[in-house]
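Colleague: Next input, structure requested:
(one chain, ligands or ions: 1)
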Amino acid sequence: MAKSIETINKEFPFHEFFDDAPKPLFPARSYEQDMEIAESCYRYIDHIFEELEEFRAFELLRSGLDRSKYLLVKEAKIIAMTCTHAALKRSELVQMGFKYDNILMEESAQILEIETFIPLLLQNPQDGRSRLKRWIMIGDHHQLPPVVKNMAFQKYCNMEQSLFTRMVRLGVPYVELDAQGRARSSICNLYRWRYRNLGDLAHVCRLPEYRAANAGLRHDFQLINVDDFNGAGETEPSPYFYQNLAEAEYVVAVFMFMRLVGWPAHRISILTTYNGQKHLIRDVITKRCADNPLIGRPHKVTTVDKYQGQQNDIALISLVRTKAVGHVRDLRRLIVAASRARLGLYVFARANLFRNCFELQPTFNQLVERSLELEIIPGERYPAQRSATATVPDSMVLSVRDMPHMARFVYDMYLDIVRQSDTQKSQKSWSAPGSGGLAPRPEHFVPAHPGAAPDSDDEEPTGGPTFTPTDIVNEVEESNA
Ligand SMILES: Nc1ncnc2c1ncn2[C@@H]1O[C@H](COP(=O)(O)OP(=O)(O)OP(=O)(O)O)[C@@H](O)[C@H]1O
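Modeller: Here you go, the predicted model:
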């Protein structure tokens, strides 16, 4: 057929379909230009049929499972799964014809070496070759390794060494984090020394939340020494189930204080290095404040090991042990503990025990430079107007001597707030519901703590919250009883 400009316009079969396109469809300036327009119209129609083809599968596949399998194999561009899921579903995935070119593996220093290989093997080779082109492992060998419960496997077979750590040890080239974006620079100094060249991203100096001080607290981080209470420090009701009642009471009292200052509960996490202490702290919270609408529960109460990979503005950490340093001697656990907080890190521990531990000294030497008594600023409210670098006059600061002192202080502060709230209620009875920030009358405050025997000056105001002395008993006492 002769290549004349009119031919395209004449032979084009879809004039009617493209009727709403800008006119004229073929400007007839040159043959090539009209041909390109005709071809792009065909591509458009082709695309419609491709889409119909994709949708057809959803007409045929009725169950959600079949549809998700179809999406997994044909459509999804990025697929996320755990290594455990990969291991459980491997044969199913291979059978379905699962295909991928890249693997990005998160927390790969926390995976058993053998588990690391499973995600590499979720597809059949193509023409005798794997189509996998790239494998990126992200992890931190300075943090905790995979959990291997059996001591012999863990230590003597070195099973707790991940492939990631093995490669780092063998000198395989790797990129090391050189700028962190989580913590205040001062908090990062507590673990910065562990990395070759760790700096700070600009926003941790620039953003208002990093520039402001932590409301109610003099310091952004502190080690708070916790002495024996009623002659007891750490207790071990069953093997490796360590608890420390004084520390549990102390962290909960500080949490309650921060809530009364105005810190949102979800910005505070309580961490500890032992499961036993985690349970004890949860019990103390349930008894003292969980049901109190002014206080409630913190974001999480969990172990440092479980909290790896997570973060919060404030971390209150209880190190529990008073006789031996225990498993925090493993620097990797200390690094995880110290690096969870963005704005405030408060460590409750037997200072003399940990400061003398050689391995921990680069961190503890910084911690013990500050007072070992918690320094609070009564009267300051959240969010603080004070700058993080401002010097606080001693006259504004209260040094908390010990746990009973803190608990007493929090109890008095709570009573003051309730009294004020009562007064405001009677004075401002005209204010609209929900206005004026009046908190509902707390009904479940249990202020008593083992050291807070109220004296005669502390009688309840008429109509105040009910004082119900409640003792939290740790498991040693229970089992001895
Ligand atoms: N480039 C960046 N810009 C802004 N914020 C950042 C940047 N990189 C990291 N952050 C912030 O730093 C914090 C920590 O980041 P992320 O959770 O990725 O760290 P991570 O290396 O996985 O930490 P870890 O393994 O110790 O838990 C997050 O709050 C994140 O928003």
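
Colleague: now the helices: where do they sit in the stretch 101-250 of the chain?
Modeller: For the stretch 101-250 of the chain, the helices defined by DSSP state H, counting those that start in this stretch occupy 113-117, 151, 163-170, 185-192, 203-206, 208-211, 245-261.

Colleague: ok, and does the third one reach over to the ligand?
Modeller: The one in question is helix 163-170. No - judged by Cβ under 6 Å from any ligand atom, helix 163-170 stays clear of the ligand, getting no closer than 12.4 Å. (C-beta placed from N, C-alpha, C; glycine too.)

Colleague: Could you break the chain into its assigned domains?
Modeller: 2-55, 65-169, 185-409 (automatic domain parsing).

Colleague: For the helices of the stretch 101-250 of the chain, which has the smallest mean pLDDT value?
Modeller: Mean pLDDT is lowest for helix 151 out of these, coming in at a mean of 88.

Colleague: helices or strands next to that helix in the packing?
Modeller: Using 3 or more Cβ pairs under 8 Å, 6 or more residues apart in numbering; DSSP states H and E, no helix or strand is in contact with helix 151.

Colleague: Stretch 335-342 near the ligand at all?
Modeller: Yes - on the criterion Cβ under 6 Å from any ligand atom, stretch 335-342 is in touch with the ligand at Ser339.

Colleague: hey, C-alpha coordinates of stretch 385-398 in PDB?
Modeller: Output of stretch 385-398 as PDB, limited to C-alpha atoms (Å, rounded to 0.1, in the frame of the first residue of the first chain):
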ATOM      1  CA  GLN A 385       9.800  25.800  78.300                       C
ATOM      2  CA  ARG A 386      13.400  25.300  79.600                       C
ATOM      3  CA  SER A 387      16.200  24.600  77.100                       C
ATOM      4  CA  ALA A 388      18.000  21.300  77.400                       C
ATOM      5  CA  THR A 389      21.300  23.200  77.800                       C
ATOM      6  CA  ALA A 390      20.000  25.800  80.300                       C
ATOM      7  CA  THR A 391      21.600  25.600  83.800                       C
ATOM      8  CA  VAL A 392      19.000  24.900  86.500                       C
ATOM      9  CA  PRO A 393      19.500  26.700  89.800                       C
ATOM     10  CA  ASP A 394      19.900  24.300  92.700                       C
ATOM     11  CA  SER A 395      17.000  26.100  94.500                       C
ATOM     12  CA  MET A 396      14.600  24.700  91.900                       C
ATOM     13  CA  VAL A 397      15.900  21.100  92.200                       C
ATOM     14  CA  LEU A 398      14.800  18.400  94.500                       C
END
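
Colleague: tell me which residues in the helix or strand hosting Cys41 are buried?
Modeller: Taking DSSP states H and E as the criterion, Cys41 maps to helix 31-60. Across helix 31-60, burial judged by 16 or more other Cβ atoms under 10 Å covers 34, 37-38, 41.

Colleague: Make JSON lines from those and add distance to Phe257 and pLDDT to it.
Modeller: Compiled in JSON lines, the buried residues of helix 31-60 are given as follows (distance: Cβ to Cβ, whole Å; pLDDT from 0 to 100):
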{"residue": "Asp34", "distance to Phe257": "79", "pLDDT": "93"}
{"residue": "Ile37", "distance to Phe257": "73", "pLDDT": "95"}
{"residue": "Ala38", "distance to Phe257": "76", "pLDDT": "95"}
{"residue": "Cys41", "distance to Phe257": "72", "pLDDT": "96"}
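
Colleague: which residues touch the closest residue to the ligand within the stretch 301-450 of the chain?
Modeller: Nearest to the ligand, among the residues of the stretch 301-450 of the chain, is Gly309, at 4.5 Å (Cβ to the nearest ligand atom). By Cβ atoms under 8 Å, 6 or more residues apart in numbering, the contact set of Gly309 is Glu107.

Colleague: ok, now how distant is it from Gly139?
Modeller: 10 Å (Cβ to Cβ, to the nearest Å).

Colleague: Next, show the common contact partners of the two.
Modeller: Contacts common to Gly309 and Gly139, judged by Cβ under 8 Å, 6+ apart, are Glu107.

Colleague: Give me the phi and psi for His142.
Modeller: phi -90, psi -10 (degrees, to the nearest 10).

Colleague: Flag the shaky bits of the stretch 351-481 of the chain, pLDDT-wise.
Modeller: Residues of the stretch 351-481 of the chain that meet the criterion pLDDT under 70 lie in 425-481.

Colleague: got the residues of it near the ligand?
Modeller: Checking the stretch 351-481 of the chain against the ligand by Cβ under 6 Å from any ligand atom, there are no hits.

Colleague: Give me every residue in the stretch 151-300 of the chain lying close to the ligand.
Modeller: Checking the stretch 151-300 of the chain against the ligand by Cβ under 6 Å from any ligand atom, the hits are 181-182, 201, 203.

Colleague: what about 8 Å?
Modeller: 177, 179-182, 201, 203 (Cβ under 8 Å from any ligand atom).

Colleague: Lowest-confidence entry in these?
Modeller: Among these, Leu177 has the weakest pLDDT, 94.

Colleague: contacting residues around that one?
Modeller: Contacts for Leu177 were tallied using Cβ under 8 Å, 6+ apart; they are 140, 195, 198.

Colleague: Great, nothing more from me.
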